[in-house]
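Peer 1: Here is a sequence together with a model predicted from it:
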Amino acid sequence: MSEKFTVARLTKDNEHFEILVKPQKALDYRNGKISSITEVLAAETIFSDANKGTKVSEEVMRKAFQTTDPLKIADNILKKGTLQLTTDQRRKMVEDKRKQVIDFISRQAVDPKTNLPHPPMRIENAMEQIRFQIDPYKSVEEQAREIVKLLRPILPLKIEQVLVGVRIPAEYSARAYGAIKNWGTIKREEWRSDGSWFGEIELPAGAYASLLNKLGDVTKGTGEAKIIH
């Protein structure tokens, strides 16, 4: 298959369904960047083997999808099936995922000797030593936790959760709350009678310094945060 077109495929009820798609358009469709399925398809045909040009019968389509509409079936294949990537697409996805994994480890793991996060460059260099193969489809967190285990012999790391008490003055409470609520899990919170907000947030120890910086930015230095345990 040339890289001008590629294949998306789905196996359902022991039957194989394939569509011929434009690589970048297909990726954009899966990521929600475009909504028109007709922009994606090279042909409005459902194949059992796109390389051989073998089509699926209407009976098989109806049994598997309760429809013979190729656009509805193609949508299903693209959203639930696998997309064959071009070399450039896969390279870019791997590199993007690698950066996300390094960022995740840098924010969430700390050196157990100092309880401080390792710089991203140090993590990247250590990853090169273990030659870990990034999977563009696996989640960032799943791969990061696996990498942390593999890195420990050459780079001391631990992912530790801390409970942080945060107080936001009334003047900044609404804006700052929106900025920090997703940094971790809010275990307890209260809006006080003076309009200020207090909460206890559980988050990775490595993210504490970044939380302090964010809180300082959105409250102009008037917010308070302290590790409870």
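Peer 2: Yep, it's here. As the structure is a computational prediction, the values presented were derived from the model and not from experiment.
Peer 1: Which residue ranges make up each domain of the protein?
Peer 2: 6-83, 87-159, 161-227 (automatic domain parsing).
Peer 1: Including mean pLDDT and mean neighbour count, could those domains go into CSV?
Peer 2: Every residue, glycine included, has its C-beta placed from N, CA and C. Formatted as CSV, the entries for those read as follows, by pLDDT from 0 to 100; neighbours: other C-beta atoms under 10 Å:
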stretch, mean pLDDT, mean neighbour count
domain 6-83, 94, 17
domain 87-159, 89, 16
domain 161-227, 90, 16
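Peer 1: Give me the nearest residue to residue 42, chain neighbours excluded.
Peer 2: The shortest distance from residue 42 to any non-neighbouring residue, by C-beta to C-beta, 6 or more residues apart in numbering, is to residue 20 (4.1 Å).
Peer 1: mind checking the backbone torsions on that neighbour?
Peer 2: With angles defined as degrees, to the nearest 10, residue 20 shows backbone torsions of phi -100, psi 120.
Peer 1: Now do the same contact list for it.
Peer 2: 5-7, 41-43, 45, 47, 50 (C-beta atoms under 8 Å, 6 or more residues apart in numbering).
Peer 1: With respect to residue 167, which of those is nearest?
Peer 2: Each of the contacts of residue 20 was scored against residue 167 by C-beta to C-beta, and residue 6 proved nearest at 53.1 Å.
Peer 1: List the beta-bridge partners for residue 188.
Peer 2: Per DSSP bridges, the residues bridged to residue 188 are residue 200.
Peer 1: Which parts of this protein are strands?
Peer 2: When secondary structure is read from DSSP state E, the chain shows strands at 6-12, 15-21, 47-49, 54-55, 82-83, 109-110, 158-159, 161-168, 185-191, 197-204, 224-227.
Peer 1: Can you show me the helices along the protein?
Peer 2: Listed in chain order, the helices of the chain (DSSP state H) span 23-30, 58-65, 70-80, 87-108, 120-130, 140-151, 173-180, 208-219.
Peer 1: between the longest one and helix 140-151, how big is the angle?
Peer 2: So the one you mean is helix 87-108. On the basis of axes from the mean of the first three to the mean of the last three C-alpha atoms, to 10 degrees, helix 87-108 is oriented at 70 degrees to helix 140-151.
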